[in-house]
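> Need coordinates for the following:
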Amino acid sequence: MIPKTIVHHDYELSVLFAVPVTLAKVREIVPSDDWHTASPRSPTDRVRACRLDEYSDYGFLINPAIEGMEIGPSKPTYGFLLADALIDPAAFVQIFETLPPGWNFGGLIAIDPASGLGVNTNCDLGETMQWHHILEFLTEQGRAKVTFTLTDTGVSLVRREGDIFMQQFAWDVPSEWGAQGQLHYPNHRFIREDSFVGQLKSVLIEYDTLCRESERWSSRVAERLRGSA
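Okay, the predicted model is just below:
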């Protein structure tokens, strides 16, 4: 049964860069129990076997699908976090240039230390820059609803009772999921809106830094990170 609301009393925002399992298996893998607490290392050294919220399953749709790839909420998602990428941007770019065509799975993620789960928001890294617009709407109007341009999925956020309420949605879903697919996904309540907004600002600044650093090594990789936002 899908819960109506999941409350996150403690959380950390970051960006997840997912990689194919074939790439993960030739590196040291941080187990899923420790994936969010392990200290940052260069992405050329290791990857993290992270666990994503099973209700965010639309984020596992890879297009085009790569035959033999492990995708789906029942298996770990391998990758690294923004802090890993910032340690060595050149190594990060090197990894990205070896990924299969069309592979760009990742984006802003909310990590719940209590459960060890990561709640993915946008599904394509190129959509991460759209969080600048979300932050602007949230700050000025107290709410934001955005459909991400590359995957046609989205999020709505509302500041209420001193917290942030986030609802994921997808447009192209089975009719039994409800209007616009919103009834398929729970609400996520992030306690203390100032913490959420402050972390979001910090993550976007760091992501902008990574984009600029990536530009030095590969304009193609930088374009994949920035998307069309």
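> Could you give the bridge partners of residue 187?
Counting by DSSP bridges, residue 187 is bridged to residue 5, residue 167.
> I'd like the distance between it and residue 148.
19 Å (C-beta to C-beta, to the nearest Å). (Each C-beta comes from the backbone N, C-alpha and C, glycine too.)
> Settle it for me: which of those two has more neighbours?
Neighbours of residue 187 and residue 148, each counted by other C-beta atoms under 10 Å, are more numerous for residue 148; the result is 23 against 16.
> ok, now which ones touch the spatially closest residue to residue 217 that is not a sequence neighbour?
Residue nearest to residue 217 in three dimensions, not counting chain neighbours: residue 93, with 4.2 Å by C-beta to C-beta, 6 or more residues apart in numbering. If you count contacts by C-beta atoms under 8 Å, 6 or more residues apart in numbering, residue 93 has them with 214, 217-218, 221.
> Reformat those residues as TSV; add secondary structure, neighbour count and pLDDT.
Shown next, in TSV, are the contacts of residue 93 (DSSP: H, G, I helix; E, B strand; the rest coil; neighbours: other C-beta atoms under 10 Å; pLDDT from 0 to 100):
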residue	secondary structure	neighbour count	pLDDT
214	helix	23	93
217	helix	17	92
218	coil	16	90
221	helix	21	90
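> CSV for these, including distance to residue 19?
CSV is the format used below for those (distance: C-beta to C-beta, whole Å):
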residue, distance to residue 19
214, 16
217, 18
218, 17
221, 14
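> ok, of these, which one's closest to residue 165?
residue 214 (33.1 Å; C-beta to C-beta).
> shouldn't the closest one be in contact with residue 226?
No. Look at residue 214 against residue 226 with C-beta atoms under 8 Å: they stay out of range, at 9.3 Å.
> In which helix or strand does residue 134 reside?
Assigned by DSSP states H and E, residue 134 falls within helix 131-141.
> Contacts for that helix next, please.
Against helix 131-141 from outside (C-beta under 8 Å, 6+ apart): 108, 121-122, 143-144, 146, 155, 157, 159, 164, 197, 200-201, 204, 229.
> In strands, which of those fall?
108, 143-144, 146, 155, 157, 159, 164 (DSSP state E).
> And the strands in this protein?
According to DSSP E, the strands that the chain contains are 5-8, 12-18, 28-30, 46-52, 77-81, 106-112, 117-120, 143-147, 153-160, 163-170, 187-190.
> which helices and strands sit right next to the second one?
When you say that, I think you mean strand 12-18. strand 77-81, helix 82-87, strand 106-112, helix 193-217 (3 or more C-beta pairs under 8 Å, 6 or more residues apart in numbering; DSSP states H and E).
> do the same with the fifth one
Counting by 3+ C-beta pairs under 8 Å, 6+ apart, the packing neighbours recorded for strand 77-81 are strand 12-18, helix 21-24, strand 46-52.
> Understood, closing this out.
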